[in-house]
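Chemist: Pasting the sequence and the predicted coordinates here, then a few questions.
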Number of protein chains: 2
Amino acid sequence: MLGIEAIASYIPKKRISNYDRKKKFGITDEFIKDKIGVERIAIKDDSEDTSDLCVSAYENLKKKFDINENEIEIIVVITQNPDYTLPQTSAILHGKLGLNTSCAAFDVSLGCSGFVYGVSIIQSFMNANGFKKGLLFTADPYSKIIDPDDKNTSLLFGDAAAVTVISDNPVFVADKFTFATAGKSYKDLICEDKVLYMNGRGIFNFVVKQIPDDIDRVIEKNGLIKDDIDVFLIHQASRIIVSTLTRKMNLPEEKVMYDMHDYGNTVSTSIPILFEKIIHDNKIKLALASGFGVGLSYASTVFRRV
Amino acid sequence: MLGIEAIASYIPKKRISNYDRKKKFGITDEFIKDKIGVERIAIKDDSEDTSDLCVSAYENLKKKFDINENEIEIIVVITQNPDYTLPQTSAILHGKLGLNTSCAAFDVSLGCSGFVYGVSIIQSFMNANGFKKGLLFTADPYSKIIDPDDKNTSLLFGDAAAVTVISDNPVFVADKFTFATAGKSYKDLICEDKVLYMNGRGIFNFVVKQIPDDIDRVIEKNGLIKDDIDVFLIHQASRIIVSTLTRKMNLPEEKVMYDMHDYGNTVSTSIPILFEKIIHDNKIKLALASGFGVGLSYASTVFRRV
């Protein structure tokens, strides 16, 4: 059975402090700490493109996990900020990593629901085609499209990438998934003419209305109850979104990870960054992951420790 | 078992004649007919975006195939020219078609190998998640990124879209696939600063070198010999590419479809346009499909009539 064997992330060292932007945006310490919950955003170097962030995540993987380029049968990159509109970033990455010609490669365009979707997409594709080892990359550097004067977005989003090893020697396997789309609200998060626009209020209302039901649904679909879940890997949209969901669903706070204060909302990379932190914590047997955002699109699943 | 139940395409009515551009580009009738093999390119209206081309393909589907929006559990859009870099075009399309919230939706970024990959991606995802009816869209309007003064690209590429119904009541089922990537050559077909660049010579050499082997490989992988194949649905890259492959592989000309002269190279839509023409031709039991291009990426499979 295929599942997640290892995860590594890359968060660029460079930071922009939100405390340094208090005056510019007329915001308070309380707003920074308790509302958005992002003290600093991580920001890539101008010379780094999306495929380079993926390469850096892969280099971090190799520091702790034994993998050989010749074993890799497929790579998938989840991004909406590719190096170029064409070719697909996965092809560029394929070249940079020196992978075999027989390695399959494609990009998936999804935002914050991308990691959860991506696990199902790559696993099912690998199963159907008899592959045993693949890499799922997430990398969506919003710094490429953010207007530094836009308070709604520039204080919130950070750059990062992650690589997740999918193999037949898994540590965690995904159980059943839920997937959903609210396409009529697509304008709430959109990039027109290379600039990101976010209707923060619209997104907040959507998340608070839809995600608790979706999480309930995926728990039920997997024959579980809420108390069975050891940790909730909820997309790190903002502090207020994570805490509102926690409260609304009556989740024990200590089971809901929160870890974006030092780098920001990293879109599809937020969940693998959390996952990397708990993958070797043997007390955690069941981890629920829920991603939501651009589209609007949302997806959840439960991962079981093997 | 899941497979292809129906296909419909949409080719915009508007054409630009290559004969009218003979003087501008210093080309001959022979070049138009025998080398590129494109007499006219199809071109979308300025008011039509990628999701609109998909809607038009879906409307053409509904004219001949009984489908209800409520049955659709997933849509996938293959494109590298989305409406916006984000959100994914599939979400916009989801809204325009009025699909259910529970319908999954994502885009895949691939070029001319996209249809073959796409069939495997959507089918395997559907199988893994218990879905019975999904729509695979291809739509890559290169008119959005073509420099009208570039002889290499503006005479060749046309706009179109197709929708392929994947269901548990298939007419054709895909057997085993091959997938391959030559990422180090990614610069041969690239869109920088919204303008497409193609190294025509590089692409030609790549195709002539790699694709015959790939087609041999997929035939062997499926336990067949070349003579078993009733029709070859080869990506319509250009007349010279299709005819060179035909000759190099000693394929009977009448088994190799050629049908781009009136609309051009429609990227990932070229194969479904061909497929739509033969899907109800009961003499055809085995159809080989091979797509290749942007990435560079290539993929092949064999479809068997049920």
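Modeler: Nice, I can see it.
Chemist: Could you give the number of residues near residue A:164?
Modeler: Using other Cβ atoms under 10 Å in any protein chain shown, the number of residues around residue A:164 comes to 28. Bear in mind the C-beta positions are built from the backbone N, C-alpha and C, glycine included.
Chemist: Next: residue A:261.
Modeler: Counted with other Cβ under 10 Å, the neighbours of residue A:261 add up to 16.
Chemist: Residue A:278 against residue A:287, yeah?
Modeler: Yes - counting by Cβ atoms under 8 Å, residue A:278 touches residue A:287, with 6.6 Å between them.
Chemist: Kindly point out which residues are neighbours of both of the two.
Modeler: A:231, A:233 (Cβ atoms under 8 Å, 6 or more residues apart in numbering or on different chains).
Chemist: Which residue of these two possesses the greater neighbour count?
Modeler: residue A:287 (26 against 19).
Chemist: Now do the more buried one, the pLDDT please.
Modeler: We note a pLDDT of 98 for residue A:287 in this prediction.
Chemist: Now do the same contact list for it.
Modeler: Residue A:287 neighbours (Cβ under 8 Å, 6+ apart): A:172, A:229-233, A:275, A:278, A:302-303.
Chemist: which residues in the stretch 101-250 of chain A form strands?
Modeler: Here the stretch 101-250 of chain A has its strands, by DSSP state E, counting those that start in this stretch, at A:104-109, A:133-139, A:161-167, A:172-181, A:189-192, A:195-198, A:231-234.
Chemist: In JSON lines, list those along with mean pLDDT.
Modeler: Output for these, formatted as JSON lines (pLDDT from 0 to 100):
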{"stretch": "strand A:104-109", "mean pLDDT": "98"}
{"stretch": "strand A:133-139", "mean pLDDT": "98"}
{"stretch": "strand A:161-167", "mean pLDDT": "98"}
{"stretch": "strand A:172-181", "mean pLDDT": "98"}
{"stretch": "strand A:189-192", "mean pLDDT": "96"}
{"stretch": "strand A:195-198", "mean pLDDT": "96"}
{"stretch": "strand A:231-234", "mean pLDDT": "98"}
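Chemist: now what about the longest helix anywhere in chain A, what contacts it?
Modeler: The residue-count maximum for a helix in chain A (DSSP state H) belongs to helix A:200-221. Helix A:200-221 is contacted from outside by A:152, A:176-178, A:180, A:182, A:185, A:188-189, A:225-226, A:228-229, A:232, A:234, A:237, A:240-241, A:244-245, A:248-249, A:288, A:290, A:292-293, A:296, A:298, A:300-302, using Cβ under 8 Å, 6+ apart.
Chemist: Let's see it as PDB, backbone CA atoms only.
Modeler: C-alpha atoms of helix A:200-221 as PDB (Å, rounded to 0.1, in the frame of the first residue of the first chain):
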ATOM      1  CA  GLY A 200     -10.500  38.300   3.300                       C
ATOM      2  CA  ARG A 201     -14.000  38.600   4.700                       C
ATOM      3  CA  GLY A 202     -15.400  36.400   2.000                       C
ATOM      4  CA  ILE A 203     -12.800  33.700   2.600                       C
ATOM      5  CA  PHE A 204     -13.300  33.800   6.300                       C
ATOM      6  CA  ASN A 205     -17.000  33.400   6.000                       C
ATOM      7  CA  PHE A 206     -16.600  30.600   3.500                       C
ATOM      8  CA  VAL A 207     -14.100  28.700   5.700                       C
ATOM      9  CA  VAL A 208     -16.100  29.100   8.900                       C
ATOM     10  CA  LYS A 209     -19.300  28.000   7.200                       C
ATOM     11  CA  GLN A 210     -18.000  25.000   5.200                       C
ATOM     12  CA  ILE A 211     -14.900  23.500   6.800                       C
ATOM     13  CA  PRO A 212     -16.400  22.300  10.100                       C
ATOM     14  CA  ASP A 213     -19.000  20.300   8.100                       C
ATOM     15  CA  ASP A 214     -16.300  19.000   5.800                       C
ATOM     16  CA  ILE A 215     -14.100  17.900   8.700                       C
ATOM     17  CA  ASP A 216     -17.100  16.200  10.300                       C
ATOM     18  CA  ARG A 217     -17.800  14.500   7.000                       C
ATOM     19  CA  VAL A 218     -14.300  13.100   6.500                       C
ATOM     20  CA  ILE A 219     -14.300  11.800  10.100                       C
ATOM     21  CA  GLU A 220     -17.600  10.000   9.600                       C
ATOM     22  CA  LYS A 221     -16.600   8.700   6.200                       C
END
